[in-house]
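A.B. asks: structure, please.
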Amino acid sequence: MLRLPGGRALVVIAVVAGLPATTEAAVDVRPWAYDAPLSAPPTVRSAPGFVDARLAAQRTVTPVRRLTVRGARIGADENGYERPNHVTGGPGDEPPWFVSFRTRSQRLLLPTTGTGARFRLRVGNRVTPIHTSPADGGRHLVDVRFRDRRERLITLELAGTFALHSVVTGRDPVRAAADLPKSPVVVFFGDSFTAGAGADAPFASYAQYAARRMGWANAWTSGSSLTGYRTQGSEERFPLVDRFGRDVEHTKPDILIVAAGVNDLHHYDQANIEIGARSLFGKVRDRLPETRLVVLGPWVTQTPADPAALATRDTLAAVAREFGAAFVDNVAERWITGSGSVAARKGDGNADRYIAPDGAHLSPAGHRYVGQRLAAALSRLLPPGPRRHARLRARSGTPSG
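C.D. replies: This next block holds a predicted model:
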């Protein structure tokens, strides 16, 4: 988006379909440098405990809301534990969230509740292994101990069920990471793929991999299993258009990436799927006129692709073009090939590596790979580097409430 004299906006629209496709051979599926492991990771242990008057008197307690929170709108429970509250969905749909700060402290205490949530620490651009909080429902202190005391930029990468009260240190203060690079606000909006089904953790989904590849530091995900343009999934889940207000609109994203349709194609005919897509894209254009809209075709987990998937791809591509959106044709580009999975290898394509044992979702390696394929497609629309960000409303941080 370019700003013209007088504050008018010029939105540059491009359609990915028809541009040169990125082949699998051109995609580097090795771990990226910014997911490389820490050479000397801290020890991480959990024990029963919480922030009481004695602990608060002995240590520095920094509430979550004084730190840099990205990727979610958060809300506190009656005991002051924060967690995301912006996604409409059921169990397993909780989005990842990210808390960044700087400190010299050698030891951190993270007050949390026993939800069995996964988490890891990112120090600079290197990460710890993924850990899991206790699952007993009690209150705990996650004890993080580094080998030395020095200034660090730390990001807590948290599953949506991870409830965090504060960051507790000794004499060293904890400061918000106010110097993080400015970034567009990006929302990935879809189904269980976007929720991270099959990934090692919600913060290791294809969406978060693509965002890191693009240099987007404030990527939100709203994925709800079994949903689609028309498909509700269950009583506690809703089609995309009904989730739009709570999950997307309040963030006012610079970029909205919609990835859905696979749950519609065997439950609705193309006329109904078109109605659902028109309803959603029309709402985006009416309520978020400055947001760049990108649409993916339906997920395909084996080839040859189901004829219904091909028809749904064509329907979504046509509606996307009508609303001035970019369309990423993951079906034609054959991101997934073959008929196998990691549990039933067939030797006829990359599905042997990239499709989970259930045959319906991505494996952890598949999330990394698809994240890179998506980033390659997005880079044809938004070339990497500062010039891309200069065309967007550069923002950091995230609303809470």
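A.B. asks: contacts only, for Gly228.
C.D. replies: Neighbour list for Gly228: Asp191, Pro239, Leu240, Ala260, Gly261, Val262, Asn263, Asp264, His267, Gly276 [criterion: C-beta atoms under 8 Å, 6 or more residues apart in numbering]. For the C-beta atoms, the positions are set from N, CA and C on the backbone; glycine is no exception.
A.B. asks: am I right that Thr315 is in a helix?
C.D. replies: Yes. Under DSSP: H, G, I helix; E, B strand; the rest coil, Thr315 falls within a helix.
A.B. asks: what ranges do the helices span in the stretch 51-200 of the chain?
C.D. replies: Assigned by DSSP state H, counting those that start in this stretch, the stretch 51-200 of the chain shows helices spanning 53-58, 192-195.
A.B. asks: turn those helices into a markdown table, including mean pLDDT, mean neighbour count and distance to Arg126.
C.D. replies: Output for the helices of the stretch 51-200 of the chain, formatted as a markdown table (pLDDT from 0 to 100; neighbours: other C-beta atoms under 10 Å; distance: least, C-beta to C-beta, whole Å):
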| stretch | mean pLDDT | mean neighbour count | distance to Arg126 |
| --- | --- | --- | --- |
| helix 53-58 | 89 | 10 | 30 |
| helix 192-195 | 95 | 26 | 26 |
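A.B. asks: now these in a markdown table, with distance to Thr115?
C.D. replies: As requested, these are exported to a markdown table (distance: least, C-beta to C-beta, whole Å):
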| stretch | distance to Thr115 |
| --- | --- |
| helix 53-58 | 21 |
| helix 192-195 | 16 |
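A.B. asks: of those helices, which is nearest Leu180?
C.D. replies: Leu180 lies closest to helix 192-195 among those, at 23.8 Å (C-beta to C-beta).
A.B. asks: the next helix or strand after the closest one - contacts with which helices or strands?
C.D. replies: Next along the chain after helix 192-195, taking DSSP states H and E as the criterion, comes helix 206-214. The elements that helix 206-214 packs onto, with contact taken as 3 or more C-beta pairs under 8 Å, 6 or more residues apart in numbering; DSSP states H and E, are strand 185-190, helix 192-195, strand 218-223, helix 364-381.
A.B. asks: tell me if I'm right that Glu157 and Leu121 touch.
C.D. replies: Yes. Checked against C-beta atoms under 8 Å, the pair Glu157 and Leu121 is within contact range at 7.3 Å.
A.B. asks: list residues touching both of the two?
C.D. replies: Common neighbours of Glu157 and Leu121 (C-beta under 8 Å, 6+ apart) are Val127.
A.B. asks: now Trp332: how far from Asn85?
C.D. replies: Actually, residue 332 is Ala rather than Trp. Here Ala332 is placed at a distance of 38 Å from Asn85 (C-beta to C-beta, to the nearest Å).
A.B. asks: swap in Tyr369?
C.D. replies: Look at Tyr369 and Asn85: by C-beta to C-beta, they are 32 Å apart.
A.B. asks: count of neighbours near the spatially closest residue to Arg285 that is not a sequence neighbour?
C.D. replies: Nearest non-adjacent residue to Arg285, counting by C-beta to C-beta, 6 or more residues apart in numbering: Phe323, 5.9 Å away. By the criterion of other C-beta atoms under 10 Å, Phe323 has 16 neighbours.
A.B. asks: cool, Pro184 as well?
C.D. replies: Going by other C-beta under 10 Å, the residues that sit close to Pro184 add up to 25.
A.B. asks: doesn't Asn218 make contact with it?
C.D. replies: Yes. If you go by C-beta under 8 Å, Pro184 and Asn218 touch, sitting 7.2 Å apart.
A.B. asks: tell me where the stretch 101-250 of the chain has strands.
C.D. replies: Assigned by DSSP state E, counting those that start in this stretch, the strands in the stretch 101-250 of the chain fall at 107-113, 118-123, 126-127, 131-132, 139-145, 152-158, 166-169, 174-176, 185-190, 218-223.
A.B. asks: centre of the chain to the third one, how far?
C.D. replies: Read it as strand 126-127. Centroid separation between strand 126-127 and its chain, computed with C-alpha atoms, centre = their mean, to the nearest Å, is 17 Å.
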